[in-house]
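>>> coords below, sequence missing:
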């Protein structure tokens with residue numbers, strides 16, 4: 001059966017989106033300033049995670065998942081995004097290329113609970129805390145993501 005990227009592979013393309021890569025090769029981030037600006041961090045952010053490097057080919061991507069707020073910058077390529085509000089979000093182990101063909105995906109669409117958009121090189125995406133999201137790379141992509149916890153998320 002065809003995948004979301006039009007291919008007929010039975011398994012998804014490999015996708016690296018990991019903080020370990022930048023720990024092992026910190027020089028990869030030398031030219032990159034934090035995606036969360038220092039002024040915003042000092043005034044509004046309680047915690048910023050180390051940036052994660054993302055690299056993958058067409059058909060790769062991240063399964064539906066949730067976490068703290070995050071910013072994602074794409075340097076090369078085109079990435080399709082799928083966002084689900086917190087009240088409908090869940091963790092999936094299904095590869096994104098398979099999930100976009102699933103009944104779960106169609107159900108979210110039919111209920112109006114799925115936001116879809118395309119990120120192009122140079123675009124910055126903000127994923128709000130708790131929102132489910134999955135990605136599907138449309139071609140070769142290189143990007144960086146960084147999670148953070150806004151002060152407003154902390155109990156007072």
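Arrived safely. Everything quoted here is computed from the prediction, not taken from an experiment.
>>> now the strands: where do they sit in this structure?
15-18, 45-48, 52-56, 69-76, 78-84, 115-120, 124-127, 132-137, 141-150 (DSSP state E).
>>> point out the most buried one among the ones you listed.
strand 132-137 (a mean of 25; mean count of other Cβ atoms under 10 Å). Where you see a C-beta, it was placed from the backbone N, CA and C, and this is true even at glycine.
>>> list of residues touching it?
Here strand 132-137 makes contact (Cβ atoms under 8 Å, 6 or more residues apart in numbering) with 4-5, 13, 15, 56-66, 77-86, 88-90, 92, 96-97, 99-100, 127.
>>> any chance of the strands of the chain in a markdown table, plus mean pLDDT and distance to residue 28?
Below are the strands of the chain laid out as a markdown table (pLDDT from 0 to 100; distance: least, Cβ to Cβ, whole Å):
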| stretch | mean pLDDT | distance to residue 28 |
| --- | --- | --- |
| strand 15-18 | 83 | 12 |
| strand 45-48 | 84 | 17 |
| strand 52-56 | 92 | 6 |
| strand 69-76 | 95 | 12 |
| strand 78-84 | 98 | 19 |
| strand 115-120 | 98 | 20 |
| strand 124-127 | 96 | 19 |
| strand 132-137 | 97 | 19 |
| strand 141-150 | 91 | 9 |
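>>> picking up where we left off before, which of the contacts of strand 132-137 count as buried?
4-5, 13, 15, 56, 58-64, 77-84, 89, 92, 96-97, 99-100, 127 (16 or more other Cβ atoms under 10 Å).
>>> ok, back up a step: can you put the strands of the chain in JSON lines and add distance to residue 24?
Converted to JSON lines, the strands of the chain look like this (distance: least, Cβ to Cβ, whole Å):
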{"stretch": "strand 15-18", "distance to residue 24": "10"}
{"stretch": "strand 45-48", "distance to residue 24": "20"}
{"stretch": "strand 52-56", "distance to residue 24": "10"}
{"stretch": "strand 69-76", "distance to residue 24": "19"}
{"stretch": "strand 78-84", "distance to residue 24": "24"}
{"stretch": "strand 115-120", "distance to residue 24": "26"}
{"stretch": "strand 124-127", "distance to residue 24": "25"}
{"stretch": "strand 132-137", "distance to residue 24": "23"}
{"stretch": "strand 141-150", "distance to residue 24": "15"}
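>>> tell me which of these lies nearest to residue 25.
strand 52-56 (8.6 Å; Cβ to Cβ).
>>> against which helices or strands is that closest one packed?
strand 15-18, helix 19-24, strand 141-150 (3 or more Cβ pairs under 8 Å, 6 or more residues apart in numbering; DSSP states H and E).
>>> much appreciated, bye for now.
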